[in-house]
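Asker: quick one: sequence and predicted model below, then my questions.
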Amino acid sequence: MNKLLKLVLASVMVLAVSTTVASADVAKGQKLYLKKLKGSCNMNGAKMATLHSQGEWETFKEEGKLADELKKICPKAPSKALDSKYLEHYYDFFHEYANDSGNVPSC
């Protein structure tokens, strides 16, 4: 019984760690912003993220309008920079450093 309990506990720990690794990443979103959007937006990541609250960023993502909002803020942004594979990472970055989060990025 003791071995079974340890096995179950170890399985739960591995599962918890693996789901965290599989999600999008705030640091990756920051790097992508610096590489793909900063030049066309003419503002640093801190200013960009604080244009909206966490709830507003979340609403854009849920409604599928994050790319539209980014295009509105940065009309010179290339379409490749707003590809769907990057949006999850941008969202994580903007949500983490939104104007009501209390966090400040280093970019």
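Answerer: It's in.
Asker: in contact with Cys41, which residues are there?
Answerer: Neighbour list for Cys41: Met48, Ile73, Cys74, Lys76, Ala77 [criterion: CB atoms under 8 Å, 6 or more residues apart in numbering]. The way it works is simple: take the backbone N, C-alpha and C, and place the C-beta from them, glycine included.
Asker: just the buried residues from those residues, in PyMOL please.
Answerer: Of these, the buried ones go into a single PyMOL selection, burial set by 16 or more other CB atoms under 10 Å:
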select buried, resi 48+74+77
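Asker: which two of the contacts of Cys41 have the greatest separation?
Answerer: Distance extremes for these: the farthest pair is Met48 and Lys76 at 13.6 Å, using CB to CB.
Asker: quick one: residues in contact with the helix or strand Leu32 falls within.
Answerer: Using DSSP states H and E, Leu32 sits in helix 26-32. Under the criterion CB under 8 Å, 6+ apart, residues Gly45, Tyr86, His89, Tyr90, Tyr91, Asp92, Phe93, Phe94, Glu96, Pro105, Ser106, Cys107 lie in contact with helix 26-32.
Asker: go on, stretch 55-62?
Answerer: Outside stretch 55-62, the residues touching it (CB under 8 Å, 6+ apart) are His52, Leu66, Asp68, Glu69, Leu87, Tyr91, Phe94, His95, Ala98, Asp100.
Asker: surely the fifth one touches Ala67?
Answerer: Right, the one you point to is Leu87. Yes: with contact defined as CB atoms under 8 Å, Leu87 counts as touching Ala67 (6.1 Å).
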